[in-house]
Structure formats: C-alpha cells, structure tokens
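Engineer: the sequence isn't on hand, but the structure is:
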C-alpha cells in the first residue's frame, strides 16, 4: 500500500455526479491523487493510502482507497482553505477578514460558535449560519467515510451511503446493515452481509434471514423469474445463509402477514422432456409430484402487484372495444391496391381481429408477413381516420419498423417520454402514465418477445381504455432479458384473440435463412452441405481456425457481398465466457480490427481496454445518462436523457485528462461517460445472441463450437439465424449445430401472468 500526505494545492478535475476527483497534493514533493474525494477542498491536509500507478500521459498518480482529512493547522492554511472556494460565498477577501478577527481560533469558531461569524464585517447572521452548515456537513461526511471504511466499504460506496442516509448510517450499521442492500444501488446482500459480520450481527438474526429471503427473490428476478416455488426458495435461502429451515419458514410466514411477500397456489407444471441441468430437473420433478395445496409460488410484493396490474389493465383494454368492422374487406382491397401489396387470408383476418378488439396478438416466424401485416394495418387505421402510434423495445427494432412502414416508430421508452432524475438509477420516470396518457386510437408494438413485465406495465399505464393495442412478435424467440414471459403468457392465457401467420411468402425467393429457420424451429433436418447464397456453413475444427475464418468473413468477404461496412456485420455467440464467448471474442476481434496505434487514445477499465474507434454496447438501462445529437459543426441540436441496454455505438474520443470517453450511438446520440461509469459499456465486436434479439444486421457471423448444453438450445440457434437480413455465416462444428437444433430444452421461467389474466377475465 502506497501513502502520501500534504496540503491540497489545487483541484484539477471533479465530477459533480460521482465525486471523482483529480487533485494536486503539496508535500515533500507534489503528488497527484485520484479517486472518490467529493468533499476535499484546497488547503486541507490529507493523509491518503492507495496504489501508485503510472498514467501514460500525466505520470505517477495515487489511486486513493482510503484517506483522512485534518483541518488546517495554522492561520495561513485556514485562510487559504476558506478562500479557496471550499465554502460557498466566502472569497479570498472575506476569508482574510475572518482569520484576522479570530486568528488561530477560527476553525473552532466555525464548528462550535458559528453565530460569532456575524461579528465579521460583511457577514449577516443568515450567511453565518450558511457557512457553518457547509463546514459541519464536510466534517460529518469525513467522519462518516472514515467510519464506513472501517467496515471495508469503498470510498465511492461510502459517499453514496452518506447521501442516502446522512447521520442515520451509524444506527443502520450497528442495528440492521441489511437496509443498505434495499436502499443503496451498488450494495447487494453479500456486501451488506460482510458489513453485518464486522458489526457483530448474528448469523441467525431476524434482519439477516429476512434480507436473505428478499435477496434470493431479487436474484430470481435477474434470472427472469417473477416468483420462486416455495420449496425451491427455501432450499436456496438455506444454502445462502447456512441456517435451519424452521427459522426460514417462520420468517417467511411473518413476511406474508406483513404483505412483504405474496404466496399463491399454482397449477402443476409440466415436466419437460429435457431439462437444462440436474438441479433444474429435480425442481420440475418435485413440483409435479406435489398436491395443489403444496404447490405454492412465493413473490416479493412488488413483482406480484406489477404482474397483477398488467393482467388487470390488459383485461380492461380488451373489454374497452368490442364491435364489428363493417365493410373491412372493401377497405382492405383499396389498401392493397394503393400500397401495391397482396394480402393472404390470415393477414386479412389479423387486421379484422385487430379492428374489432381492444387487445390483439399477431405472431409468426420469419418470412410469414408480420411486417406486411403491420403496414396494411397502419394503412387501414389511417384510412378510417384513426390515430396510430408505432413502437418497439429497442432503437434498432424501431428503426426497422420506420423503414418498413414509412411512418415514425419510437422505442417504448421514448414513446413514454422517459426521463431521469435523482434516485432514478434503476427505475425510470415516464412522462406518459395514467395522468398524462398516450393520445391514440391504436398502438402497434413490434418485437413483443423482448418486452419484460416492467416495461409492459409502464406501457399499459399510459394506454387509456378505448385504445386498441396490437402486439406483434415471434413467440419462438428467446424471452426478454428482464423478468417475465409476457408474450407467451398473454398467448397462453387464452383471454385475447391470437392470429398466427404461418405461410412463408414466395418461399422460392425467401432464401435459405427463412426456410432453414423454420426447419430449425420445427425440428426438420437442415442440409449444411447445400450451396446457398444466404445460409453458409463453414466447417472449422478448432477455436484458432474458427476465429481466423470469422475475421476474414467480417473484414474481407462479407462487406462487398452484402454491400455493407464491416462495422455493420455482427459476430454473435451463444455465451459470454469460454474461448467462443463474447469476452474472449471481443479481445481477439479488437486486436484484428482496431489495434493500438500512435495517436489513438485508450483507457483500461478492469480487464477491458477501450480505444478510440472501438465498437461498444451499453449493457444496462441508464435513465439519467445525458445525450445530445450534434450538428455539422459539433453544436448540439437535440438533447435528452436515457441510454438503454443493447444500444451500440463507436468510441469517438478518449480524454485521459478529463477522465471521460465520448461514444456516438447508431442514432447519432452522443454520450460522454466518466471513466468511473465505464462498467455500463462493453466491447461489441461480438455480442451474445440474447443481446442481439430485436436487431437485424445485413450479415451475421456465428462461431459454433461446443458449449454448455443448457445454453446451446434450439430457440437460441433459431433466434441467431433470424438476425441476418442478407447472409448468415455459421463457422465451426456441424455436430454442434445439429446438437443445438435437437436440444429443445428451455429454462423454465416462473411467471404467473397467464394465471393472473385468466383470474381477472373470469372476475376472480
């Protein structure tokens, strides 16, 4: 551990959002300190510990892990501290008068008798109180940070905890540290548990068991589950906490009484022909054997009420419109003639059903005419004088919808006028809701398989009864990244009309992407040896030759073949880890496509090096992150907030002085990331198939070698193949391809939306 001590000479840079600071420390020799030092001011004396690193441009810097601030010790230091701007409203001249009045007693006066500052010319009683408040706040924050660091909490988290709880942290840490996991983003159960151990909280304490139950259900949400079966929850909590089941059962019952948990009976699940792994199979088997009374679902109260609200709102919408679309065939005939399209009977049926019902689902695989149906549906509604809104879950999907229909389509977030604000790191605020609903006669949402329960809830809150809602998607695609199984559950409920499009249009012209995608989905054999213009399989025996072939395809072969830039061609993979995972692929592809070069700035964050020119992807929803669209001369012409999971862009600038990186996303939005926020980004030369859902590329390359069986599934392969518009190239092992096509196992998602819809529809 390296150390440095001295007076703060100057603040070089500080982020007001994160508290990240670069400062110069004057001691025996000048030292640069970097880290979360939000309240440190010029003139203060610091004793800091950390790791001394060599910055490529600015030389040695101490990355601070802990520090202690001492108040200025002499009158000159006190005057410099007060006049540095550390205290708002006090400049150099006023600082000099304060020190002249109180001399060596100045700091004690500030902390213990602040009202006496009013004795100084130019300071009113009100201003004296304001100065004292700032000085006390700084002192309290320093004390709090030192206290929290004693429990192993990092500087950055310590500041966050202080901003959330203030002086309440002392009681929380000593009595119930698990509250931190509920109230502070970045602190999960495991960190809170470590703090609790250091604070002397017993392993079987009420706080620990209750927090463990809620943490387990929160982790399940991250896996896509809305609830866990009671026995599975109990087993997971027992493993997590190492306490006996009767204690867990008792707290589970108490939390139900307090309505922090909701327990509901669920019908018997089907035991699948194949399960992803042994543990999951046992869970299915146990559930299938138990009586209905024992088959209980345990929800955290939030997910339960969200799911119930979605069900109720869908049912209300479905009842808001019931009627007959008189003369629809004649209108559709005019639409077909005007738009130069030829609809088949199922497409006409889909439009009729959507016109006559409040909620309609249109589903089908690739090439079955979903996009044509949306275009015709839009034309029909507009011919009837109805206002229509178009939306999709991602920017890429919305862009494709706009290109296909000629009408503006927006992401669901933008449609709902998302905005950020204090405390909104993990949850968005929407300008459109029950109080300010969307104004439309019909809303069409594409790529519904990607919509999770929370986004669906936000959308439904903004749709008034009397508006038609048309949900379009492929139920055989992968489920949403977020929790729930919305599209499949809506279909499974049987409460709303569903029109499935099955005919592949112009099959002889559709190409092998469409034909083979349907063969994969239905379990029919795919001939990988067949010569094809758009479905290519290149056999390679190992990782090295597979990677080399992928680079050649992306850089040399595919761009002229599909008429696209190499940056538009996407490498897709089933997994994150392993030799064919996105992490390893990105390191390899970055070296191939954007190697280090003189004058090309870069910054290493953890195990990843970001370099100017890199292709990157946002990996979490950030509703506060500011963006702007810049015009010809770099001046902003549009601005807003919110960057979302799956957005892809290019690193335009890495500024090692200001510790910031500028990224321009596909839709020309430019975002400036502080280096401390780069955990929200990852390289995107290769992305997982899950992340590619809802996107379409001119061409895609899929390296296929052996991987975990629970990941290498039919619906994953089906989703990957359908991401390419002009050409799909699979490289690697034919045996792996056939094994994936044969693996029909799907990790079950515990979701009760279908049952909730049925209950609402039946008036239960």
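Structural biologist: Yes, it's here. Note that the structure is predicted; figures quoted are calculated from it, not measured.
Engineer: can you pull up the most central residue in this protein?
Structural biologist: residue 620 (2.4 Å; Cα atoms, centre = their mean).
Engineer: contacting residues around it?
Structural biologist: Residues in contact with residue 620 (Cβ atoms under 8 Å, 6 or more residues apart in numbering) are 645, 680. No exception for glycine: its C-beta is placed from N, CA and C like everyone else's.
Engineer: quick check, pLDDT for it.
Structural biologist: For residue 620, the pLDDT comes out at 83.
Engineer: phi, psi of it?
Structural biologist: phi -150, psi 160 (degrees, to the nearest 10).
Engineer: now residue 366
Structural biologist: phi -70, psi 140.
Engineer: what do you get for residue 24?
Structural biologist: Dihedral angles for residue 24 - degrees, to the nearest 10 - are phi -100, psi 130.
Engineer: again, but for residue 254
Structural biologist: phi -60, psi -40.
Engineer: what of residue 701?
Structural biologist: According to degrees, to the nearest 10, residue 701 has phi -120, psi 130.
Engineer: need the contact list for it.
Structural biologist: Contacts of residue 701 by Cβ under 8 Å, 6+ apart are 550, 553-554, 558, 569-572, 729-731.
Engineer: can I assume residue 321 is in contact with residue 469?
Structural biologist: No. Here residue 321 does not reach residue 469: they are 9.5 Å apart, not a contact under Cβ atoms under 8 Å.
Engineer: more crowded one of those two?
Structural biologist: A count of neighbours by other Cβ atoms under 10 Å puts residue 469 above the other of residue 321 and residue 469, at 25 against 20.
Engineer: now, which of the contacts of residue 701 lie within strands?
Structural biologist: 570-572, 729-731 (DSSP state E).
Engineer: and of those, the nearest to residue 364?
Structural biologist: Closest to residue 364 out of the ones in strands among the contacts of residue 701 is residue 572 (22.3 Å), distances taken as Cβ to Cβ.
Engineer: beta partners for the closest one?
Structural biologist: residue 687 (DSSP bridges).
Engineer: and for it, the neighbour number?
Structural biologist: By other Cβ under 10 Å, neighbour count at residue 572 equals 28.
Engineer: model confidence score at it, please.
Structural biologist: 96.
Engineer: same question, the one 10 residues further on
Structural biologist: The model reports residue 582 with a pLDDT of 93.
Engineer: does it touch residue 574 like I think?
Structural biologist: No. Residue 582 lies out of contact with residue 574 (Cβ under 8 Å); the separation is 9.4 Å.
Engineer: any shared contact partners between the two?
Structural biologist: By Cβ under 8 Å, 6+ apart, the residues touching both residue 582 and residue 574 are residue 688.
Engineer: where does pLDDT dip in the protein?
Structural biologist: In the predicted model of the chain, residues 16-18, 71-73, 84-86, 155, 268-294, 420-427, 505-510, 764 satisfy pLDDT under 70.
Engineer: what do you get if the cut-off is 50, keeping everything else the same?
Structural biologist: Counting by pLDDT under 50, the low-confidence segments of the chain come to 271-282, 284-285, 287-293, 421-425.
Engineer: ok, longest helix in it?
Structural biologist: If you go by DSSP state H, the chain has its longest helix at helix 125-149.
Engineer: show me what that helix is packed up against.
Structural biologist: Packing partners of helix 125-149 (3 or more Cβ pairs under 8 Å, 6 or more residues apart in numbering; DSSP states H and E): strand 59-70, helix 106-112, helix 155-165, helix 169-175.
Engineer: and the longest one with helix 125-149, angle?
Structural biologist: To tie it back to what came earlier, the one meant is strand 59-70. With axes from the mean of the first three to the mean of the last three Cα atoms, to 10 degrees as the basis, strand 59-70 and helix 125-149 are set at 110 degrees to each other.
Engineer: chain center to stretch 320-336, what's the gap?
Structural biologist: 40 Å (Cα atoms, centre = their mean, to the nearest Å).
Engineer: flag every buried residue along it.
Structural biologist: 320-321, 325, 328, 331-332, 335-336 (16 or more other Cβ atoms under 10 Å).
Engineer: quickly find the element holding residue 197.
Structural biologist: Assigned by DSSP states H and E, residue 197 belongs to helix 189-198.
Engineer: what does that helix rub up against?
Structural biologist: In contact with helix 189-198 (Cβ under 8 Å, 6+ apart) are residues 150-153, 157, 173, 177-181, 205, 207-208, 211-212, 215, 218, 240.
Engineer: narrow those to those in helices?
Structural biologist: Those of these lying in helices (DSSP H): 157, 173, 179-181, 207-208, 211-212, 215, 218, 240.
Engineer: among those, name the buried ones.
Structural biologist: 157, 173, 179-181, 207-208, 211-212, 215, 218, 240.
Engineer: what is the nearest of the residues you listed to residue 74?
Structural biologist: Proximity of these to residue 74 (Cβ to Cβ) peaks at residue 157, which lies at 34.2 Å.
Engineer: show me the contacts for the closest one.
Structural biologist: By Cβ under 8 Å, 6+ apart, the neighbours of residue 157 are 148, 184, 186-187, 191.
Engineer: pick out the most distant pair among the residues you listed.
Structural biologist: Taking Cβ to Cβ, no two of the contacts of residue 157 sit farther apart than 148 and 186, at 13.1 Å.
Engineer: who's more crowded, these two?
Structural biologist: Just comparing residue 148 and residue 186: by other Cβ under 10 Å the higher neighbour count belongs to residue 148, 23 against 14.
Engineer: Three-state assignment for residue 698, please.
Structural biologist: strand (DSSP: H, G, I helix; E, B strand; the rest coil).
Engineer: excluding chain neighbours, what is closest to it?
Structural biologist: residue 564 (3.9 Å; Cβ to Cβ, 6 or more residues apart in numbering).
Engineer: list the contacts for the one you found?
Structural biologist: Contacts of residue 564 by Cβ under 8 Å, 6+ apart are 558, 698-699, 726.
Engineer: looking at the ones in helices among the contacts of helix 189-198, which is nearest residue 363?
Structural biologist: Among the ones in helices among the contacts of helix 189-198, and counting by Cβ to Cβ, the member closest to residue 363 is residue 218, at 31.2 Å.
Engineer: the closest one touches residue 303, doesn't it?
Structural biologist: No. Counting by Cβ under 8 Å, residue 218 sits too far from residue 303 to count as a contact (9.4 Å).
Engineer: what about residue 309, how many residues nearby?
Structural biologist: By other Cβ under 10 Å, the residues close to residue 309 number 16.
Engineer: doesn't it fall inside a helix?
Structural biologist: Yes. Assessed by three-state DSSP, residue 309 belongs to a helix.
Engineer: that one touches residue 456, doesn't it?
Structural biologist: No. Residue 309 lies out of contact with residue 456 (Cβ under 8 Å); the separation is 9.8 Å.
Engineer: ok so, going back, any chance of a markdown table for the contacts of residue 701, columns distance to residue 164?
Structural biologist: Listed next are those as a markdown table, based on distance: Cβ to Cβ, whole Å:
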| residue | distance to residue 164 |
| --- | --- |
| 550 | 46 |
| 553 | 50 |
| 554 | 46 |
| 558 | 50 |
| 569 | 45 |
| 570 | 40 |
| 571 | 41 |
| 572 | 40 |
| 729 | 50 |
| 730 | 49 |
| 731 | 49 |
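Engineer: which among those gets closest to residue 757?
Structural biologist: residue 572 (33.5 Å).
Engineer: residue contacts, the closest one?
Structural biologist: By Cβ under 8 Å, 6+ apart, the neighbours of residue 572 are 686-689, 692, 700-702, 720, 723.
Engineer: ok, it to residue 152 distance?
Structural biologist: Between residue 572 and residue 152 the computed distance is 40 Å (Cβ to Cβ, to the nearest Å).
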